[in-house]
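Student: Here is a sequence with its predicted model. Questions after.
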Amino acid sequence: MPSFNEIKSYKDKEMRQYILAYLLIAVASIGLQAYLENGRALSIDSLFQMAMTDILVGAISILVVVLNEMWSDQAKIRLVYWKLPSNSVFTDIGDGKSNSDGYDISKAKEIYTHLSDASANKQTAEWNKLLRKCKEAGHGNVLDAQRMQLLTRDICMTTISLLILNVSAVIVLAFIQGNFCRAIMTLGLPIVYLAIMLIVTRVAANSRARRLVHLVIKNDVQDRDIREKKD
């Protein structure tokens, strides 16, 4: 079963690759824009502007790491999930709306009936207790699911941070160059790429979060069944 340090190492590696992919796309977009404007006869001024823009994009790749650390956990939840699936997990079980694949939904309703009307914060707090129990019990599927949930959340947040920084960079370039359309064209491709990735990563993050919630409930119900059979 992977440890916390292994999860963090895995996340860091994937995040570096994701930021590198953005950097390569941005540099390619800047070079393409310079070629379309000047062809093969690049002037010293054009080369200087391209180099300065590349430096700006490189700075963005560094600043995104800092910006990511500035987001609070609450802000991450609002931006990525709007609300956590665990906020209504026991209500959904009570209403029969929960994914019951792999466990007896009737048994789950009986176990968690006292939490079906609890507040969102209470339901998440109780679910977190179950998450800790599953990890202590050595359920590898839960730890793997949490790893993917955290990874997709952080990639989504990185995408949001990159979008904010790229829009800011367009404003800076428009001010320096005195041409807003040219600034948009220079960083247009990276912004379109990030907009698409925001949709993709947000869907993935929500899907992974729902899967984690489901696995925790599934393992808890199954563990209770095993203990009852032993007794």
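Tutor: That came in fine, so what should we check first?

Student: how about low-confidence regions in this structure?
Tutor: Applying pLDDT under 70 to the chain picks out residues 1-11, 34-54, 231.

Student: For the helix ranked longest in the chain, what is the distance to the chain centroid?
Tutor: For the chain, the helix reaching the highest residue count under DSSP state H is reported as helix 180-230. Centroid separation between helix 180-230 and its chain, computed with Cα atoms, centre = their mean, to the nearest Å, is 6 Å.

Student: Show me what that helix is packed against.
Tutor: helix 4-38, helix 44-70, helix 89-94, helix 105-112, helix 120-136, helix 140-177 (3 or more Cβ pairs under 8 Å, 6 or more residues apart in numbering; DSSP states H and E). In short, each C-beta sits where N, CA and C put it, glycine included.

Student: Of all the residues in stretch 108-120, which ones are buried?
Tutor: Of the residues in stretch 108-120, those scored as buried under the neighbour-count criterion (16 or more other Cβ atoms under 10 Å) are Ala108, Lys109, Ile111, Tyr112, Leu115, Ser116, Ala118.

Student: So which of the residues you listed is the closest to Val64?
Tutor: Minimum separation from Val64 among the buried residues of stretch 108-120 (Cβ to Cβ) is found for Ala118, which lies at 37.6 Å.

Student: Spatially central residue in the chain, please.
Tutor: Against the mean C-alpha coordinate of the chain, by Cα atoms, centre = their mean, the closest residue is Arg153 at 2.2 Å.

Student: residues touching that residue, list them.
Tutor: Shown in contact with Arg153 (Cβ atoms under 8 Å, 6 or more residues apart in numbering): Lys76, Val80, Ala205, Arg208, Ala209.

Student: same thing but 7 Å
Tutor: Residues near Arg153 by Cβ atoms under 7 Å, 6 or more residues apart in numbering: Lys76, Val80, Ala205.
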